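A.B. asks: 3D, please:
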Amino acid sequence: MNTEKILLQFMALLRLPDTMPYEDKMKRLDEICDTMDLQKCLDVRIGNSLTGGLSGGEKKLANIATELLTNPELMYVDEPTTGLDSSHAYEMMKMLKSYTAKERKTVIVTIHQPSSQIFHMFDKILLLTSGKVAYFGERTRIISYFAGLDLHCVPHYNPADFILEVVASSPQVQEKVLNAYDEYKENTEEFLQMDELDGLFDDNTESVIDMNYSENGDRLEMAHRVDSKNQKYFKNKIPYRTKRLNSIKKWYKYMEYSDDKWPTSFWTQYKVLTQRNFLQAKSKILSKWAAIEVLTVAMMTGLVWYQLDRKEETLKDRKGVLFFTAIYWMITPMMAALTAFPEEREVLNKERAAGTYRLSVYYLAKMTSELPLTVTLPSIFLLIMYPMVGLNGVVGFLKTWCALMLNALAAESFGLFAGAYFLDQSQGITVCVTMSLFYLMMGGFYAENLPVWLLWGRYISPAFYTFRAFVTAEFINGSPVGCAEENSVFPECHYANTTKIDSETILQTMGANIPIYYDAFFLICYIVIFYLLGYLVLRFLRKPERLLQ
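C.D. replies: Alright, predicted model coming up:
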């Protein structure tokens, strides 16, 4: 079950360094859950709009909690109250305010039309209008500031509503407010010092942070190192800051600041992502309705082609059930992969942008974790259908199973590529349906004699190679097939005392007299190519930065 607790545990393992013991990681997670008051919903399913689960506010808090794992000095939260009712919005902001007080951190929040209660939680306000700053300063001074501009707030009126009405009023009032702020900034000591600091850091300035953790004390000293030219000003104007640490002091020593881009090793990321992807995919691929579908279709297939006699009259029926199996297990995995990936894209982009893990690790973990799930349903289908139809023994079953697994993986690889490339799912569905129909027509069952100029289509169709492998597995080394009583198409059956057709003759007539490993080789190449294309699309065309433009 994908609960909030499991989600946070996986994120802790991914975002906290390998040098930090597992017990300390879980302890850090518990401290954050206590601070954010998440203990009551840790065992609740995350869910979605259809299945239910965590509320909108609880999901937002969970997202914030994952960012707090790395103990950021400053955190930017974009519209945390959007979509929440007034009660949940207040609780959300109350949690953030509590966090800043306990951990002595800075939180920057963008918010639209806050309630009076929420407005009075802020320490400072940055007010924007038309992309320009209309006010930046202490929250307690904003009403008196506007009163000085002859813009008065009615008593007992929400200050947030008042200032938003001011900046959204006539162009003349907006211009008055903007000009007043420019004048205010030019005559305020705080802003003058900020302007002087802008010139401090040039190309000769070493703008790094000294972080000295003392095992005996509880202090973290931070200071910018500057060149000798600016050292005197820096010491006089901006003294070194010393802050007391709370819970962070016990695990901060595990944080190693180096040039490494990733907080954890390749193996750690692979192991954690494989476990996480398996849990997420299991509920989708092996859902109750997916199992019902496969069992139903398998029984229907077995009943329609039930215990086919091994004679010439049923050859077309045998080819029919084999081609149906190939097409069914081409379309189903392809559409499943296509429709599942858009749900993961938003999370993937967010975690990539945060530098949580390598894309190559995510992609490799996704393929390997979903492999046993991808082959489970086709295996169940074949186990039911194969003996009901009466196909070619145990050896034939194993060969058919191998071809079917390659067929399902080939379809999944194309679906994953389409899901990664097309941001609009309807476009991806259109392409997948079109390619499925093309593969079906080129598969060798409906059209055996293609025009010369269209023969190339057959050799890029995984359905063609899967179907040919199925036919080879069914008839090679199998029992002879009885001749038709009348009008046999096989010359051997017209000879006296000949009642059986050997397997080699049947395979040659069906164009399947090629070793089965040739077909397997093409399917493997198809899988590798489209999995690689999917990775390249995510790596170069669907970067998070590009999606945010």
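A.B. asks: all contacts plus neighbour counts: C-alpha atoms, from now on.
C.D. replies: Will do.
A.B. asks: can you tell me the element the closest residue in space to residue 93 that isn't next to it in sequence falls in?
C.D. replies: Distances taken as CA to CA, 6 or more residues apart in numbering place residue 118 nearest to residue 93, at 6.7 Å, with adjacent residues excluded. Per DSSP states H and E: residue 118 is located in helix 116-119.
A.B. asks: for stretch 342-357, give the mean pLDDT please.
C.D. replies: Per-region confidence: stretch 342-357 scores 84 on mean pLDDT.
A.B. asks: before we move on, what about stretch 155-166?
C.D. replies: 89.
A.B. asks: tell me the helices and strands packed up against the helix holding residue 118.
C.D. replies: Using 3 or more CA pairs under 8 Å, 6 or more residues apart in numbering; DSSP states H and E, the elements in contact with helix 116-119 are helix 86-103, helix 159-167.
A.B. asks: next SSE after that helix?
C.D. replies: Using DSSP H and E, the helix or strand that directly follows helix 116-119 along the chain is strand 124-129.
A.B. asks: turn the helices and strands packed on helix 116-119 into CSV, columns for distance to residue 183 and mean neighbour count.
C.D. replies: As requested, the helices and strands packed on helix 116-119 are exported to CSV (distance: least, CA to CA, whole Å; neighbours: other CA atoms under 10 Å):
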stretch, distance to residue 183, mean neighbour count
helix 86-103, 32, 16
helix 159-167, 17, 18
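A.B. asks: nearest to residue 516, out of those helices?
C.D. replies: helix 86-103 (61.3 Å; CA to CA).
A.B. asks: and the gap between the residue minimising distance to the centre of the chain and residue 43?
C.D. replies: Closest to where the C-alpha atoms of the chain average out (CA atoms, centre = their mean) is residue 344, at 2.7 Å. With distances taken as CA to CA, to the nearest Å, residue 344 is found 22 Å from residue 43.
A.B. asks: residues contacting the residue nearest to the centre of the chain?
C.D. replies: Listed by CA atoms under 8 Å, 6 or more residues apart in numbering, residue 344 has no contact partners.
A.B. asks: mind checking how far it is from residue 337?
C.D. replies: 11 Å.
A.B. asks: circling back to that earlier point, tell me which residues of the host helix or strand of the residue nearest to the centre of the chain come out buried.
C.D. replies: Per DSSP H and E: residue 344 is located in helix 315-353. Buried residues in helix 315-353, counted by 16 or more other CA atoms under 10 Å: 318-327, 329-331, 333-342, 345, 348-349, 351-352.
A.B. asks: put together TSV for the helices and strands packed on helix 116-119, with distance to residue 73 on each row.
C.D. replies: As requested, the helices and strands packed on helix 116-119 are exported to TSV (distance: least, CA to CA, whole Å):
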stretch	distance to residue 73
helix 86-103	9
helix 159-167	27
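A.B. asks: which stretch among the ones you listed comes nearest residue 113?
C.D. replies: helix 159-167 (6.4 Å).
A.B. asks: between that closest one and strand 124-129, how big is the angle?
C.D. replies: 30 degrees (axes from the mean of the first three to the mean of the last three CA atoms, to 10 degrees).
A.B. asks: which residue ranges of the stretch 201-350 of the chain form strands?
C.D. replies: 212-213, 219-222, 241-244 (DSSP state E, counting those that start in this stretch).
A.B. asks: show me where the stretch 1-150 of the chain has helices.
C.D. replies: 4-15, 22-35, 56-68, 86-103, 116-119, 142-147 (DSSP state H, counting those that start in this stretch).
A.B. asks: show me what the first one is packed against.
C.D. replies: Translated: helix 4-15. Using 3+ CA pairs under 8 Å, 6+ apart: helix 4-15 touches helix 22-35, helix 56-68, helix 266-285.
A.B. asks: go again with 7 Å.
C.D. replies: helix 266-285 (3 or more CA pairs under 7 Å, 6 or more residues apart in numbering; DSSP states H and E).
A.B. asks: pull the CA atoms of the helix it packs on into PDB?
C.D. replies: Extracted C-alpha coordinates of helix 266-285, given in PDB (Å, rounded to 0.1, in the frame of the first residue of the first chain):
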ATOM      1  CA  PHE A 266      24.200   5.100  -7.900                       C
ATOM      2  CA  TRP A 267      23.500   1.800  -6.100                       C
ATOM      3  CA  THR A 268      21.500   3.400  -3.200                       C
ATOM      4  CA  GLN A 269      19.400   5.300  -5.700                       C
ATOM      5  CA  TYR A 270      18.800   2.200  -7.800                       C
ATOM      6  CA  LYS A 271      17.900   0.000  -4.800                       C
ATOM      7  CA  VAL A 272      15.400   2.600  -3.400                       C
ATOM      8  CA  LEU A 273      13.900   3.500  -6.700                       C
ATOM      9  CA  THR A 274      13.400  -0.100  -7.600                       C
ATOM     10  CA  GLN A 275      11.500  -0.800  -4.400                       C
ATOM     11  CA  ARG A 276       9.400   2.400  -4.800                       C
ATOM     12  CA  ASN A 277       8.600   1.800  -8.500                       C
ATOM     13  CA  PHE A 278       7.600  -1.800  -7.800                       C
ATOM     14  CA  LEU A 279       5.200  -0.800  -5.100                       C
ATOM     15  CA  GLN A 280       3.700   1.900  -7.200                       C
ATOM     16  CA  ALA A 281       3.400  -0.200 -10.400                       C
ATOM     17  CA  LYS A 282       2.100  -3.300  -8.600                       C
ATOM     18  CA  SER A 283      -1.300  -1.700  -7.700                       C
ATOM     19  CA  LYS A 284      -1.700  -0.600 -11.400                       C
ATOM     20  CA  ILE A 285      -0.400  -3.500 -13.400                       C
END
